[in-house]
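K.L.:
Fold the stuff below for me.
(one chain, ligands or ions: 1)
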Amino acid sequence: MTRKLFTQLVGCDVPIQLAGMPGINTVYLAAAVSNSGGLGMISGTHMSPDYLSDAIDSLKKVTSYPFGINFLVPFLDKDCVKAAASKSKLVEFFYGNPDSSLVEIVHKGGALACWQIGSKEEAEQAEKAGCDLIVAQGLEAGGHVRGDIKLSSLLSEVLNSVNIPVIAAGGIGTAEDVAEALKAGASALRIGTRFLAAKESGAHAKYIQAVINAGAEDTVLTETFSVGWPHAHHRVLKSCVEEVNEFEGDIVGERDLVGVKKPILKGSIALPTKETTGNIEAMALYASGSVGAIKETKSAADIMTELTKEI
Ligand SMILES: Cc1cc2nc3c(=O)[nH]c(=O)nc-3n(C[C@H](O)[C@H](O)[C@H](O)COP(=O)(O)O)c2cc1C
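P.N.:
Numbers count the residues shown, from 1 in each chain. Sure thing, here's the model as predicted:
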């Protein structure tokens, strides 16, 4: 059976998907990726259905191109999934066993269903659950990492196991990486870290500076930032692990979570956005080795141009 192309399925021109990154993906970042021909994404995690609907409406004001909504399964609100499915092209899930009842909600609302997976078995479950496409996330990825297999091995295992389009994710930060993953059979690339320092990013200025300062070897897979989401390893900058280990006290700062101010506990999963205050360097600075490709702040459109120059 011939695998459909990501671009055909989603209705965009460029095989690049922005990774779901709560707090980082402003509607302006998502719109910039969609307006550049890729698939912009916003997060639907930790918000009410009304708040999410308003965010989607704001996004629609700045792009008329397809976009998607990402959900973290451990924090899922099914009413948010319904709202997302009726208003977007694609709804996507991460960090939970592929579930046909969620896929059904997405299809009923009229959207495509996607699952980010970390193993061949999970890819097969996602296809069986009715997903239209999957993201194969390699061990190199920034943020929470589902599996323990490097992208190149995972991609070839998964391509041999499922017939739906496979998006490759994890450590893709340059035009060469993009070309290589496409050549290996990926239908598209999912990119997170490379957009952290985009002008439209919601990341705190000190987070952006730490990303610019870091090299490709300066990340670590850890469980240091597990308050709020235990037993889920994640890739962050080494510097924030050193900082938080030296931090004395229980509260590292304060954040604005969809309009409500909340303290950030030491070791919390919360990443620092522009509205966050406190010891930013001791918070979860999620990132992959793609930081090595980030030398300055740039518009997302310029980053898209750089990433696609070899395809
Ligand atoms: C700051 C940050 C936050 C993330 N948050 C999420 C999330 O909420 N949902 C999700 O599916 N993936 C999340 N991820 C993982 C991405 O989906 C993706 O697998 C990863 O960014 C790919 O690797 P890269 O960062 O090297 O591009 C996050 C990644 C980063 C860097």
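
K.L.:
Do a quick rundown of the strands in the stretch 101-250 of the chain.
P.N.:
Applying DSSP state E, counting those that start in this stretch to the stretch 101-250 of the chain gives strands spanning 112-117, 133-137, 143-144, 166-169, 188-191, 219-222, 234-237.

K.L.:
For Ile208, find the nearest of these.
P.N.:
strand 234-237 (11.6 Å; CB to CB). C-betas here are computed from N, CA, C, even on glycine.

K.L.:
Can you list the neighbours in contact with the closest one?
P.N.:
For strand 234-237, the external contacting residues (CB atoms under 8 Å, 6 or more residues apart in numbering) are 140-145, 210-211, 214, 218-225, 269, 284-288, 291.

K.L.:
Just the residues you listed: which are in helices?
P.N.:
Ala210, Val211 (DSSP state H).

K.L.:
In ChimeraX, how would I select the buried members of the contacts of strand 234-237?
P.N.:
With 16 or more other CB atoms under 10 Å as the criterion, this ChimeraX line picks the buried residues out of the contacts of strand 234-237:
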select :140,141,142,143,144,145,210,211,214,218,219,220,224,225,269,284,285,286,287,288,291
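
K.L.:
So which of the contacts of strand 234-237 would count as near the ligand as well?
P.N.:
Contacts with the ligand within those, counted by CB under 6 Å from any ligand atom: Ala141, Gly142, Gly143, Tyr286, Ala287, Ser288.

K.L.:
Skipping its backbone neighbours, what lies nearest whichever residue of the stretch 201-311 of the chain sits closest to the ligand in space?
P.N.:
Of all residues in the stretch 201-311 of the chain, Ser288 sits closest to the ligand, at 3.1 Å by CB to the nearest ligand atom. Closest residue to Ser288 apart from its sequence neighbours, by CB to CB, 6 or more residues apart in numbering: Gly142 at 3.5 Å.
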